[in-house]
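Q: I'll drop the sequence and a predicted model, then ask my questions.
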Amino acid sequence: MSAPTTTGESTILIFGASGDLTARKLVPALFQLFRQGYVRTSPIIGVARRNKTDAQFRTELRATVLDAADQQTSKDWRRFEQLLHYVQIDLSDQTAYEGLVDSVAELESQHRTPQNSARVVYLATTPSLFDDAVSGLHHSGLIPPLEHKERLRVVVEKPFGHDLASAKELNHTLTRWLHEDQIYRIDHYLGKETVQNILLFRFGNSIFEPLLNRNHVDNIQITVAESIGMERGRGAFYDTAGAVRDVLQNHLLQLLCLVTMEPPALFEARQIRDEKMKILQALRPGSPASINHWVVRGQYSAGLIDGEPVPAYRREDRVSPTSNRETYVAMNVGIDNWRWEGVPFFLRTGKRLPERVTEIVVQFKQPPLNLFSTVECDGDLCDIVETQPNQLVLRIQPQESIFLRFSTKRPGMQYHVEPVVMDFDYEDHFSANLPGAYERLLLDVMRGDSTLFTRSDELLAAWKFVTPVLQAWEESLSSPELYSAGTWGPPAASRLVSEYGRAWREPRLDE
Ligand SMILES: NC(=O)c1ccc[n+]([C@@H]2O[C@H](COP(=O)([O-])OP(=O)(O)OC[C@H]3O[C@@H](n4cnc5c(N)ncnc54)[C@H](OP(=O)(O)O)[C@@H]3O)[C@@H](O)[C@H]2O)c1
């Protein structure tokens, strides 16, 4: 493999380095970047409260990251782990940061880090520590003066608040000492190759974009489905969050923005985020008073996933047995702009659905005249077969692909209609593995590219959109509608679309 040209070597500090995120996502991603030559000399400094030596830190991470490694991988790890260090401090103790500054300086000198290189601080801790962490960085002089603001980048993990008011408060906390340009709010969905491809597909081809508007599109559906439930103690967090906060407010709305935004004048962070922002501002929710007309809230009951029985949400570990938390949400929203006026957007996400699948379905209008319609019989049962609407499907995960459905003539003496699919499959076409989302996003932070990160105004606009829904649910005495685990959600979700004469596309992974 040839060496990459833009590496963006930086000092990387991970606050919360003994946690799950560090071991499962951050260090594996950094190791991959090391193996690909993007990280060569950057010291990676883990920070947390519990006491451990560099050697213990390396051994623990090796055990998690290297699962049955081959010889080459083990050799690479031995070189990589020389970059890993551990500094023990309590981040809530403001006096501890002086010691951190000394350790950072010492390690940078040990690794011969160039004087002006950037520092990346990854806040992999609970948001309740952000205030202390940012104040500590400021008071210890780790935040450079404004004219050198690019020398410090702070990565923030979701949740970015739990409603509009708390998101504003979190922003206030972060921007008290940091400039907005220094804050990288990570939404790992935007690091996925197929999500980035949405913009290239739309604006790097000339044949699709002219069709993506109210004149040709009948409706757009976005599904983010998960088959998992509350394994690995997830219930503790999820029962305070739910489907809207966990997925709809961030991943789903970001996908909606990417598939509907106008082309930016330049392909750069500010312009792309400006265009996404216009969509968020144009989102037309229904009224909170008539919420049941445009939003469906569901919760799973016991059922079967892959033939195995799974418990109801309320019986899950660390979930309240009387919880009204939504594990499913579906919405019908509109976008008030010239391109999309009148086109319904159906959004849905949920846990314990039959498949783990994320896809965007653009359903086109039917031809103006239905010329082809045949009667097909199987024994006594006869059906009228007509052309079906064209569909463009962007499959984000798994089996990343793009496919287009259209009608053809089945060979024979009559005009028998047969829907067929033309497809592009990432794995079939590109033999290389797709880079992981955290790899891409960490490298972008190191290079100072914020295109794939959420800006504060986008974040607040998304919260502004969903907060009235959350409030209306909290104030109502009703419970979420139950759906059996392993089904595509509550019956009301089908009504949400059938009321408009549409149906959800059922994702089929064998397609
Ligand atoms: N895990 C994921 O896949 C994931 C995904 C998306 C977002 N997130 C978010 O990322 C953050 C971290 O998640 P996580 O799962 O890694 O949490 P975690 O396993 O609970 O780890 C928390 C880390 O914070 C450290 N910490 C806590 N209090 C501290 C203090 N006063 N001073 C120094 N260190 C302190 C802990 O270290 P000590 O116990 O040693 O102090 C530990 O290293 C959370 O906000 C979570 O919501 C996580």
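A: Perfect, thanks for sending it.
Q: tell me how far the closest residue to the ligand within the chain lies from Ala48.
A: The chain approaches the ligand most closely through Gly19 (2.2 Å), counting by CB to the nearest ligand atom. Just so you know, the C-beta spots here come from the backbone N, C-alpha and C atoms, and that holds for glycine as well. Per CB to CB, to the nearest Å, Gly19 is found 7 Å from Ala48.
Q: more neighbours: those two, which one.
A: The neighbour comparison of Gly19 against Ala48 (other CB atoms under 10 Å) goes to Ala48, with 22 against 16.
Q: dig out what the more buried one forms beta bridges with.
A: Residues in a beta bridge with Ala48, per DSSP bridges, are Gln88.
Q: that one reaches Gly16, doesn't it?
A: Yes: using CB atoms under 8 Å, Ala48 is in contact with Gly16, at 6.0 Å.
Q: what about Phe203, distance to Lys276?
A: From Phe203 across to Lys276, the span is 13 Å (CB to CB).
Q: how about His138?
A: As judged by CB to CB, His138 and Lys276 stand 30 Å apart.
Q: so the two - more neighbours on which side?
A: Lys276 (25 against 15).
Q: could you say which helix or strand holds the closest residue in space to the more buried one that isn't next to it in sequence?
A: In space, and not counting its chain neighbours, Lys276 is closest to Cys257: 3.9 Å by CB to CB, 6 or more residues apart in numbering. For Cys257, the element it lies in under DSSP states H and E is helix 253-260.
Q: the ligand contacts on the stretch 101-250 of the chain?
A: Contact residues, the stretch 101-250 of the chain versus the ligand (CB under 6 Å from any ligand atom): 124-127, 129, 157-159.
Q: how about the chain?
A: 16-21, 24-25, 48-50, 90-92, 124-127, 129, 157-159.
Q: out of these, which are buried?
A: Neighbour-count burial (16 or more other CB atoms under 10 Å) is assigned, among the residues of the chain next to the ligand, to 16-19, 21, 25, 48, 91, 124-125, 127, 129, 157-159.
Q: helices or strands up against the lowest-mean-pLDDT helix or strand in the chain?
A: Every helix and strand of the chain was ranked by mean pLDDT, DSSP states H and E. The lowest is strand 373-378, at a mean of 84. Using 3 or more CB pairs under 8 Å, 6 or more residues apart in numbering; DSSP states H and E, the elements in contact with strand 373-378 are strand 381-386, strand 416-425.
Q: tell me which residues of the shortest one come out buried.
A: Read that as strand 381-386. Under the neighbour-count criterion of 16+ other CB under 10 Å, strand 381-386 has Val385 buried.
Q: do the same with the longest one
A: Buried residues in strand 416-425, defined by neighbour count with 16+ other CB under 10 Å: Val417.
Q: could I have the very next helix or strand once past that strand exported to PDB, CA atoms only?
A: Moving toward the C-terminus from strand 416-425, the next helix or strand (DSSP H and E) is helix 426-429. What follows is helix 426-429 as a C-alpha-only set of coordinates in PDB (Å, rounded to 0.1, in the frame of the first residue of the first chain):
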ATOM      1  CA  TYR A 426     -20.100  -2.100  -2.700                       C
ATOM      2  CA  GLU A 427     -18.500  -5.300  -1.700                       C
ATOM      3  CA  ASP A 428     -18.800  -7.000  -5.100                       C
ATOM      4  CA  HIS A 429     -17.400  -4.000  -6.900                       C
END
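Q: tell me which residues of helix 426-429 come out buried.
A: For helix 426-429, a neighbour-count test (16+ other CB under 10 Å) marks Tyr426 as buried.
Q: outside of the helix holding Cys257 itself, list whatever touches it.
A: For helix 253-260, the surrounding residues in contact (CB atoms under 8 Å, 6 or more residues apart in numbering) are 187, 189-190, 195, 198-199, 202, 212, 220, 222, 224, 275-276, 279-280, 283, 335, 339-340, 345, 347, 358, 360, 362, 394, 396, 454, 458, 462, 465.
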